[in-house]
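> Only the shape, not the letters, is given here:
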């Protein structure tokens, strides 16, 4: 069975600084997706960034980037130039790869609560 | 384009009752998934529907059921409510299915069972 582990329940960062959130996962599959979702206090879950396992290049979305280490089954999220609006719960998630009729079931980690200090 | 909507947003029920939650996906989306979020168990997958067919189901008792209508709107039902069913129930929609397509989450329904 696939599992996702986030070992940092809480993290704190100063505004404008950089922070890295950790995530490890376990799977016997070779083709899958990894995601970072953000859940602000308003509770609406938002996709931050995603990575396809077969792509070696790390995904980047503006101030958000990942360090994907497939062999180590590690998928960390780096937030650069942290802003007050980045404060939220961050979930790492896994899903088997697929198109069209395939399932898109997400397996989530337990989350990391990020606080941004002004 | 309107986002995923869930109704009601808040609900208080008594143990033993049943409840129905509704999810309206983004227009054009045909896949809807449901998740339960609790402080103790985190985010857990309930089920997934695509074109009115349940495609996948999580490890939940039979008291949890769902369905999808021809307009892609989805409902989930919980019968014989237990205190442990208190949770935030999230639904997510995507264009078709498969993780290649981004899932968009609704704001959730907060269910409290007393």
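Structure received. As the structure is a computational prediction, the values presented were derived from the model and not from experiment. Numbers count the residues shown, from 1 in each chain, chains lettered A, B, ... in the order given.

> what does chain A put close to chain B?
With C-beta under 8 Å from any C-beta of the partner chain as the criterion, chain A meets chain B at residues A:32-33, A:37, A:42-47, A:50, A:91, A:95-111. Heads up, the C-betas are built off the backbone N, CA and C, glycines and all.

> need the strands for the chain, in chain order.
You didn't say which chain, so I picked chain A. With DSSP state E as the criterion, chain A has strands at A:3-5, A:10-14, A:19-21, A:24-26, A:32-39, A:46-52, A:60-61, A:64-69, A:74-79, A:88-96, A:107-108, A:112-117.

> meant chain B, my bad for not saying
Secondary structure of chain B (DSSP E): strands at B:5-7, B:10-13, B:19-24, B:31-38, B:42-50, B:53-57, B:64-68, B:74-78, B:87-94, B:104-105, B:109-113.

> neighbours around residue B:89, how many?
Neighbour count for residue B:89, taken as other C-beta atoms under 10 Å in any protein chain shown: 23.

> any idea how far residue B:83 is from the residue nearest in space to the middle of chain A?
Nearest to the geometric centre of chain A sits residue A:36, at 2.6 Å (C-alpha atoms, centre = their mean). As for residue A:36, its distance to residue B:83 is 32 Å (criterion: C-beta to C-beta, to the nearest Å).

> Ok, residue B:43 next?
20 Å.

> ok so, going back, state whether the residue nearest to the centre of chain A and residue A:45 are indeed in contact, as I suppose.
No - using C-beta atoms under 8 Å, residue A:36 is not in contact with residue A:45, being 11.0 Å away.

> low-confidence ranges in chain B?
In the predicted model of chain B, residues B:97-100 satisfy pLDDT under 70.

> beta partners of the residue nearest the centre of it?
Nearest to the geometric centre of chain B sits residue B:34, at 3.3 Å (C-alpha atoms, centre = their mean). When assigned by DSSP bridges, residue B:34 has beta-bridge partners residue B:47, residue B:91.
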